[in-house]
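Asks: quick one: sequence and predicted model below, then my questions.
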Amino acid sequence: MSNRSIPLVDLSKFVDGNAQERADFVHKIGDAFQRVCFVGVINHGIPQSKIDAFYDASKMFFSMPVSVKEKYKLSGLAGQRGYTSFGTEHAKQSKVADLKEFFQIGQFVSPDHPLKSEYPDNVYVAEAPDFFNQGRDLYKAFEEAGGHLLRAIAIHLGLDETYFDEKIHDGNSILRSIHYPPITAEPKSAIRSEQHEDINLITLLVGASAGGLQLLTSDNEWLEIMPGPGEIVINVGDMLQRLTNNYLVSTTHRVVNPPKEQWHVPRLSIPFFLHPKSIMDLTCLPSTVTADRPLAYEPITAGAYLDERLREIGLKKVNYF
């Protein structure tokens with residue numbers, strides 16, 4: 001890996017490459033996920049202009065008074081749309097809330113779509129009129145890139161290349177804009193985001209406005225992740241870990257507080273959590289259950305698993321939907 005903390009792959013080699021280039025990409029991403037479960041991706045097809053536009057709109061939103069942001073906090077949706085206030089979410093093993101606030105955008109479907117009843121409307125912010133459209137544009141770009149990555153992962157798993165296609169088409173993915181405000185007093189024990197694993201299949205993360213992201217290695221050491229220009233970072237989520245019976249592992253990661261002299265610097269991060277439809281069966285793939293890796297999980301659907309995890313992290317109190 002030379003001086004890099006995680007491997008780097010070029011998605012264009014899989015999307016537009018010849019047979020050998022595609023095979024090399026599959027090998028590289030499979031090897032990366034086997035070793036560290038995080039990988040940097042360049043030439044991913046997500047226009048920098050869309051990333052920059054959504055960053056700017058997000059900064060505008062989070063700079064608004066709390067009273068304005070609170071107007072876009074929707075009760076009964078477990079934080080899956082709109083604004084979630086500072087100090088609400090915590091890691092499943094922690095009772096101390098993370099030092100962050102965030103805004104979530106979900107799937108866009110037409111009123112007559114078969115899954116419309118499962119997908120609440122996205123929130124339009126009147127004070128930041130570009131926020132909605134720019135979020136939608138970036139959401140769709142992330143969906144496309146994520147689809148290509150899952151095709152490569154499917155091949156690595158010995159599945160048909162299109163195994164995930166229908167499962168993620170109009171899936172329950174989430175685009176989250178996370179704001180970590182300046183730290184103004186000694187934190188009691190919380191950090192910006194306590195160590196955790198993601199719920200979904202894979203996460204696509206564009207470079208944050210400040211450092212702090214770390215992953216826990218197999219040697220139980222924290223490794224700093226610093227994406228380069230034009231690079232997104234991909235990691236395995238819990239749903240893919242369940243599906244593959246721990247063959248691909250959902251890596252623990254966190255966002256640590258900066259040194260005290262940098263407490264005044266806020267941090268903005270834009271992850272895309274790629275989820276399948278709620279009906280996807282996460283029963284472990286038979287090919288991943290072996291004598292050395294016995295069956296680790298009972299069958300469950302993606303929707304039931306998401307419900308379970310939202311309760312664990314404090315976003316969902318009762319079964320609203």
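Replies: Received it, and whenever you're ready, just let me know what you need. Numbers count the residues shown, from 1 in each chain.
Asks: quick one: buried residues of stretch 172-180?
Replies: Neighbour counts over stretch 172-180 (16 or more other Cβ atoms under 10 Å) mark Asn172, Ser173, Ile174, Leu175, Arg176, Ser177, Ile178, His179, Tyr180 as buried. No exception for glycine: its C-beta is placed from N, CA and C like everyone else's.
Asks: that's a helix at the fourth one, yeah?
Replies: Think Leu175. No: assessed with DSSP: H, G, I helix; E, B strand; the rest coil, Leu175 is strand; it does not lie in a helix.
Asks: hmm, Ile105 and it touching each other?
Replies: Yes: in this structure, Leu175 is within contact of Ile105 by Cβ atoms under 8 Å, at 4.4 Å.
Asks: overlap in contacts of these two?
Replies: Gly135, Tyr139 (Cβ atoms under 8 Å, 6 or more residues apart in numbering).
Asks: please enumerate residues in contact with stretch 289-298?
Replies: Contacts for stretch 289-298 (Cβ under 8 Å, 6+ apart): Arg242, Asn245, Asn246, Tyr247, Leu282, Cys284.
Asks: can I get the buried residues of stretch 172-180 in a markdown table with distance to Ser75 and pLDDT?
Replies: Below are these laid out as a markdown table (distance: Cβ to Cβ, whole Å; pLDDT from 0 to 100):
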| residue | distance to Ser75 | pLDDT |
| --- | --- | --- |
| Asn172 | 20 | 95 |
| Ser173 | 23 | 96 |
| Ile174 | 18 | 95 |
| Leu175 | 21 | 96 |
| Arg176 | 19 | 94 |
| Ser177 | 20 | 93 |
| Ile178 | 21 | 90 |
| His179 | 21 | 89 |
| Tyr180 | 24 | 83 |
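Asks: between those residues, which is nearest Pro65?
Replies: The closest of the buried residues of stretch 172-180 to Pro65 turns out to be His179 (Cβ to Cβ; 13.7 Å).
Asks: doesn't that closest one lie inside a strand?
Replies: Yes: applying three-state DSSP, one finds His179 inside a strand.
Asks: pLDDT weak spots in the chain?
Replies: 1-4, 77-79, 87-98, 182-194, 207-211, 256-265, 313-321 (pLDDT under 70).
Asks: show me the strands in it, by range?
Replies: 8-10, 38-42, 82-84, 101-105, 174-180, 193-196, 202-206, 213-216, 222-224, 232-236, 253-255, 267-274 (DSSP state E).
Asks: Arg136: neighbouring residues, count only.
Replies: Using other Cβ atoms under 10 Å, Arg136 has 15 other residues around it.
Asks: tell me how far it lies from Gly106.
Replies: 11 Å (Cβ to Cβ, to the nearest Å).
Asks: shared neighbours, those two?
Replies: Counting by Cβ under 8 Å, 6+ apart, the contacts common to Arg136 and Gly106 are Asn122.
Asks: so how far is Arg311 from Met239?
Replies: Going from Met239 to Arg311 by Cβ to Cβ gives 16 Å.
Asks: so what's Leu11 closest to, chain neighbours aside?
Replies: Among residues not flanking Leu11 along the chain, His44 sits closest, at 4.7 Å (Cβ to Cβ, 6 or more residues apart in numbering).
Asks: who's in contact with that neighbour?
Replies: His44 makes contact with Leu11, Ala145, Leu204, Ile232 under the criterion Cβ under 8 Å, 6+ apart.
Asks: cross-check the contact I'm expecting between Val255 and Leu268.
Replies: No: using Cβ under 8 Å as the test, Val255 is too far from Leu268 to be in contact (11.4 Å).
Asks: quick one, which of these two is more surrounded?
Replies: More neighbours surround Val255 than the other of Val255 and Leu268, with 25 against 15 (other Cβ under 10 Å).
Asks: what bridges to the more buried one?
Replies: For Val255, the beta-bridge partners under DSSP bridges are Ser193, Leu213.
Asks: so where do the helices sit in the protein?
Replies: For the chain, the helices defined by DSSP state H cover 12-15, 19-35, 48-62, 66-69, 130-156, 165-168, 238-243, 302-312.
Asks: so for Glu118, which of those sits nearest?
Replies: Between Glu118 and the helices of the chain, the shortest gap by Cβ to Cβ is with helix 302-312, which sits at 8.0 Å.
Asks: just to revisit the earlier point, who touches both of Val255 and Leu268?
Replies: Counting by Cβ under 8 Å, 6+ apart, the shared contacts of Val255 and Leu268 are Tyr180.
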